[in-house]
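Chemist: Predicted model and sequence below, questions to follow.
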Amino acid sequence: MDFVARQFRFEFPRVPVVMGILNVTPDSFSDGGQFLDVERAVARAEEMVAEGAELIDVGGESTRPGAVPLSESEELRRVLPVVRRLCSRIAVAVSVDTRKAAVARAVLDAGASMINDIEATRLNPEMWRVVAEFGAGYCAMHMQGTPETMQINPVYEDVVSEIGSFFEDRLDRLSEVGVRSERVLLDPGIGFGKTLEQTLALLRGIPQFSRSGRPILLGISRKSFMGKALGIKLENRLPATLACSLWAAARGVSFFRTHDVAATVQALRLHALLGDQLR
């Protein structure tokens, strides 16, 4: 089960891949405002690569609960200079976290290899056509509602089976517009329209998503459900993030999107070594 993002290929089984988060936003929930300067953003990406990140995920639009949409022009102003610099400076794949087809086209044209789409619930296939045209990797994430509304009373009859059905439908629709299955990752969307109870049920049900035949990406870094479950503040969530990451890795998750690259890489590598996955 491989994942291909343009010229980059990730072959499994292997140690899970770590994707480093690079938010070039003033208002992201964890690191907003830290990397607005292009040089500082590039330096942080290079630091994460040195720590073991094999993907860098650049985001110009905050999608925290309650966030309002960003204009296309402003998102491009934030991400395009960073993507151009990264693609000429680092040897790992560059992903861009965007919901906009025009932004996707611009960053892929600038050398990005993957689109991380929180709005894979979309009906308009234009984003998928862009991904197919460039032969890019694509992460299809589940979200109930929009960032503005997603945490206002999300309701499911069975969160695991409903998201499993969503994944099956997305793979079919992506194939119809020319996005090959080997180019697709699936993300259940932790924190995107899920209560604490639904999130815990979703995490426990992760093994069921292996039926899709595609790698699962999990974004749990510093997420609010940890604070709700354990009463811990944002800055104290690294141990909980690592515990959840190792638990998920043991159940087949292949990609982890994180702020804390060095700690996550070390934990996953030792976990794999103890499980004899490196031999």
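Modeler: It's in.

Chemist: right, and the helix or strand after the longest strand seen in the chain?
Modeler: What stands out as the longest strand in the chain, according to DSSP state E, is strand 17-23. Using DSSP states H and E, the helix or strand that directly follows strand 17-23 along the chain is helix 38-51.

Chemist: Only the buried residues of whatever helix or strand L108 lives in, if you could.
Modeler: Secondary structure assignment for L108, by DSSP H and E: helix 101-109. Buried residues in helix 101-109, counting neighbours by 16 or more other C-beta atoms under 10 Å, are found at 101, 103-108. Every C-beta, even on glycine, is put in place using the N, C-alpha and C of the backbone.

Chemist: same deal with stretch 266-279?
Modeler: Counting neighbours by 16+ other C-beta under 10 Å, one finds that the buried residues in stretch 266-279 are 267-269, 271-272.

Chemist: Kindly indicate which of these lies nearest D57.
Modeler: Each of the buried residues of stretch 266-279 was checked against D57 using C-beta to C-beta; the closest is L268, at 16.8 Å.

Chemist: which other residues reach the one helix or strand R9 maps to?
Modeler: Element membership for R9 (DSSP H and E) is strand 8-10. With C-beta atoms under 8 Å, 6 or more residues apart in numbering as the test, strand 8-10 has contacts from 2-4, 17, 54, 92-93, 113, 137, 215, 254.

Chemist: Repeat that for stretch 224-240.
Modeler: By C-beta under 8 Å, 6+ apart, the list of residues contacting stretch 224-240 from outside reads 29-30, 65, 190-191, 194, 196, 199-200, 220, 222-223, 241, 244, 260, 263.

Chemist: Show me what the helix or strand hosting S161 is packed against.
Modeler: Secondary-structure assignment from DSSP H and E places S161 in helix 159-176. On a contact count with 3 or more C-beta pairs under 8 Å, 6 or more residues apart in numbering; DSSP states H and E, helix 159-176 meets strand 137-141, strand 184-187, helix 196-204.

Chemist: at 6 Å instead, please
Modeler: helix 196-204 (3 or more C-beta pairs under 6 Å, 6 or more residues apart in numbering; DSSP states H and E).

Chemist: The helix or strand that comes right after the helix it packs on pairs with which strands?
Modeler: Tracing the chain past helix 196-204, the next element assigned as helix or strand by DSSP H and E is strand 217-219. Strand partners for strand 217-219, identified by DSSP bridges, are recorded as strand 255-258 (parallel).

Chemist: State the mean pLDDT of the strand it pairs with.
Modeler: For strand 255-258, the mean pLDDT works out to 98.
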